[in-house]
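*Asks:* heads up, no residue letters with this:
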């Protein structure tokens, strides 16, 4: 099975690497990895015009209405939300390198778009309220050795430091949330959320993703394979 990778180029024969704007439909895949901070950066580049981005069909994406020559950023963001809903409804596994939620007020024709607005959440859970910003030191403690992504924690805990913690006081969190790693201080930093028939895996990001991507690619592939067993 092929995996769509967005934002952090990961070298693996089964990985299709794209930007948040240029990627094909998320719903065409059953597995996906995304660096949420890089996705935000790409959106801001379209808003500011500092870099040119094209959609998968080859049309330039601009921060304005769609025309015969360009595709609207607002329409692309709405499209990503639909694709993510379909992806999770079909039982997809989505791995997020988690960063704090932020606003993108400059998206034209929008009442305000946020970093996680493309991603469905469990009922009663809001990414803007329940992903709490935090900047920890490297290291983590694995709490569920049988979790498919346990190897990510055991192999790379010294190479990452969390940027968000997940608020476990959310009502009914245990109905859909599963914490499988914590910071040395006990904060929930690696969490699996059940969304529709799919799974959202929130992982701490690497401190040096460009340096470590050749190491992390085969390990993330192995973790995704463990999800299918």
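*Replies:* Cool, the structure landed. None of the values given here were measured: they were computed from a predicted structure.
*Asks:* going forward, measure contacts and count neighbours with C-alpha atoms only.
*Replies:* Noted.
*Asks:* Now tell me what touches the host helix or strand of residue 46 from outside.
*Replies:* According to DSSP states H and E, residue 46 maps onto helix 36-48. Here helix 36-48 makes contact (CA atoms under 8 Å, 6 or more residues apart in numbering) with 6-8, 19-21, 51-53, 61-63, 73, 96-99, 104, 106-107, 115-116.
*Asks:* List only buried entries from those.
*Replies:* 6-8, 19-21, 53, 61-63, 73, 96-99, 104, 106-107, 115-116 (16 or more other CA atoms under 10 Å).
*Asks:* pLDDT score for the nearest residue in space to residue 128 that is not next to it in sequence?
*Replies:* Leaving aside its chain neighbours, residue 128 sits nearest to residue 101 (5.4 Å; criterion: CA to CA, 6 or more residues apart in numbering). Note on residue 101: pLDDT of 96.
*Asks:* Backbone torsions only: list them for the residue of the chain most remote from its centre.
*Replies:* In the chain, the residue that sits farthest from the middle, by CA atoms, centre = their mean, is residue 68; the gap is 31.0 Å. When read as degrees, to the nearest 10, the backbone of residue 68 gives phi -70, psi -10.
*Asks:* where's it relative to residue 46, distance?
*Replies:* 18 Å (CA to CA, to the nearest Å).
*Asks:* name the helices or strands packed onto the host helix or strand of residue 174?
*Replies:* Using DSSP H and E, residue 174 sits in helix 173-176. Helix 173-176 makes packing contacts with strand 188-195 when contacts are defined by 3 or more CA pairs under 8 Å, 6 or more residues apart in numbering; DSSP states H and E.
*Asks:* Following the chain past the strand it packs on, name the next helix or strand.
*Replies:* strand 198-203.
*Asks:* partners of that following strand in the sheet?
*Replies:* Here strand 198-203 has these sheet partners by DSSP bridges: strand 93-97 (parallel), strand 188-195 (antiparallel).
*Asks:* Please work out which residues outside it touch it.
*Replies:* So strand 198-203 is in contact with 87-98, 189-194, going by CA under 8 Å, 6+ apart.
*Asks:* Any chance of a PyMOL selection covering the buried ones in those?
*Replies:* Of the contacts of strand 198-203, the buried ones go into a single PyMOL selection, burial set by 16+ other CA under 10 Å:
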select buried, resi 87+88+91+92+93+94+95+96+97+98+189+190+191+192+193+194
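*Asks:* Can I get the strands paired with strand 198-203 in a markdown table including distance to residue 2?
*Replies:* Supplementary listing: the strands paired with strand 198-203 in a markdown table, determined by distance: least, CA to CA, whole Å:
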| stretch | distance to residue 2 |
| --- | --- |
| strand 93-97 | 12 |
| strand 188-195 | 21 |
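*Asks:* In JSON lines, list these along with distance to residue 162 and mean pLDDT.
*Replies:* Compiled in JSON lines, the strands paired with strand 198-203 are given as follows (distance: least, CA to CA, whole Å; pLDDT from 0 to 100):
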{"stretch": "strand 93-97", "distance to residue 162": "10", "mean pLDDT": "97"}
{"stretch": "strand 188-195", "distance to residue 162": "6", "mean pLDDT": "98"}
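*Asks:* Let me know which of these is the nearest to residue 126.
*Replies:* strand 188-195 (11.9 Å; CA to CA).
*Asks:* who's in contact with the closest one?
*Replies:* Identification of contacts with strand 188-195 by CA under 8 Å, 6+ apart yields 88-89, 120-122, 162, 164-168, 176-183, 199-204.
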